[in-house]
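J.: What follows is a protein structure lacking sequence information:
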């Protein structure tokens, strides 16, 4: 009979000596042979169908297969998460932390173009005035550029000499000014003219050395005050320029005093005008060399300006 898996035609009648069909090896997983009809391919004895097992909570839906593993992806970074309390924003040195996201972390920022290695210490990292970037110094000016530039273009001269010493011009001008200052005061001039040559020469040499030391001391005071106010300029250029400004600005009055009386109106006007010019140049020098605002620069130069008024201007103009 067809459909009972007996080739001899034996039916499934018990009277005919029915017996169960021979067992065949089950397919892997506990299921019957895969080459027969569907109703003969049920689960075999000793195996349990995982989809038809007894479940006290009822039948369950087949579970979906697990997805294939995917390559890990970088997590999305919130650019504003670091602004929340308890977080810290990382930004490269020299970048503004409030200007938005930097283009790339770790990118080296350009440094200020300091000259001659200046600016490598922690003092130069913090700009005292905070107004602008430090000025780039150039080559050392010549004597002519230095002396004429103090009146024609003082800002450029201060920027160029910021990292250069000007000791030789300062000492030379101090000695010459001291020697002529003896002749510029009425009483001392008469004493020098009435004395012998040796006495006159000694007086002029003593005055030259005294004015040189006095100028250096006043310049050192100006440098110390500038540093106290937060300046970061070198002491060589500060003292040298302070000495030059103090004596060179008074040179027009001194030359007039050699030929005119001290109470002459022209000498008086030139004397007070050059004193004001000295104060302006001293404050401008401290501002450019030490990168200070005008108020602090004027305060640093005030003591030297007052000393010049008491020691030089008042005795000659009073």
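T.: Noted; the coordinates are in hand. No experiment lies behind these values; they were computed from the predicted model shown.

J.: now residue 193, what's its secondary structure?
T.: Residue 193 carries the three-state label helix when classified by DSSP: H, G, I helix; E, B strand; the rest coil.

J.: what's around it, how many residues?
T.: Using other C-beta atoms under 10 Å as the criterion, residue 193 is surrounded by 9 other residues. The way it works is simple: take the backbone N, C-alpha and C, and place the C-beta from them, glycine included.

J.: show me the contacts for it.
T.: With contacts taken as C-beta atoms under 8 Å, 6 or more residues apart in numbering, residue 193 has the following neighbours: residue 200.

J.: can you pull out the helices in this protein?
T.: Using DSSP state H, the helices assigned to the chain run over residues 122-125, 143-152, 154-160, 167-184, 186-194, 197-228, 235-248, 251-257, 265-290, 294-308, 314-317.

J.: By mean pLDDT, show me the worst of the ones you listed.
T.: Across the helices of the chain, helix 122-125 has the smallest mean pLDDT, namely a mean of 42.

J.: Single out the most deeply packed of the helices of the chain.
T.: helix 235-248 (a mean of 24; mean count of other C-beta atoms under 10 Å).

J.: Would you mind getting the angle between it and helix 197-228?
T.: Angular relation of helix 235-248 and helix 197-228 on a 0 to 180 degree scale: 130 degrees, by axes from the mean of the first three to the mean of the last three C-alpha atoms, to 10 degrees.

J.: Not counting its own residues, what contacts helix 235-248?
T.: Contacts with helix 235-248, where a contact means C-beta under 8 Å, 6+ apart, come from 146-147, 150, 158, 161-167, 169-170, 173-174, 177, 211, 215-216, 218-220, 222-223, 226, 278, 281-282, 285-286, 289-290, 301, 304, 308.

J.: do the same with stretch 292-301
T.: 128-129, 131, 222, 225-226, 228-231, 242, 279, 282-287, 290.

J.: what do you get for stretch 142-161?
T.: The contact list for stretch 142-161 (C-beta under 8 Å, 6+ apart) reads 135-141, 166, 169, 237, 240-241, 244-245, 248, 281, 284-285, 288-289.

J.: make it 7 Å
T.: Outside stretch 142-161, the residues that touch it by C-beta atoms under 7 Å, 6 or more residues apart in numbering are 135, 137-138, 140-141, 166, 169, 237, 241, 244-245, 248, 281, 284-285, 288-289.

J.: Kindly report the same for stretch 252-262.
T.: Outside stretch 252-262, the residues within contact range by C-beta under 7 Å, 6+ apart are 180, 181, 183, 184, 186, 266, 267, 270, 271, 274, 316, 317.

J.: Distance to residue 256 added to those, as JSON lines?
T.: Listed next are the contacts of stretch 252-262 as JSON lines, based on distance: C-beta to C-beta, whole Å:
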{"residue": "180", "distance to residue 256": "12"}
{"residue": "181", "distance to residue 256": "13"}
{"residue": "183", "distance to residue 256": "12"}
{"residue": "184", "distance to residue 256": "9"}
{"residue": "186", "distance to residue 256": "13"}
{"residue": "266", "distance to residue 256": "6"}
{"residue": "267", "distance to residue 256": "5"}
{"residue": "270", "distance to residue 256": "6"}
{"residue": "271", "distance to residue 256": "8"}
{"residue": "274", "distance to residue 256": "10"}
{"residue": "316", "distance to residue 256": "11"}
{"residue": "317", "distance to residue 256": "11"}
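
J.: for the residues you listed, which one is nearest residue 206?
T.: For the contacts of stretch 252-262, the minimum distance to residue 206 (C-beta to C-beta) is 11.2 Å, reached by residue 181.

J.: Please list all residues in contact with the closest one.
T.: So, once contact is read as C-beta under 7 Å, 6+ apart, residue 181 ends up touching 207, 211, 254.

J.: how about a cut-off of 8 Å?
T.: Remark: with contacts taken as C-beta under 8 Å, 6+ apart, residue 181 is in contact with 207, 211, 254, 312.

J.: Pull the contacting residues for residue 182.
T.: Residue 182 sits in contact with 188, 189, 192, 203, 204, 207, where contact means C-beta under 8 Å, 6+ apart.

J.: Touching, the second one and residue 183? I think so.
T.: Right, residue 189. Yes: counting by C-beta atoms under 8 Å, residue 189 does reach residue 183; the two are 4.9 Å apart.

J.: Phi, psi for residue 229 please.
T.: As for residue 229, its main-chain torsions (degrees, to the nearest 10) stand at phi -80, psi 0.
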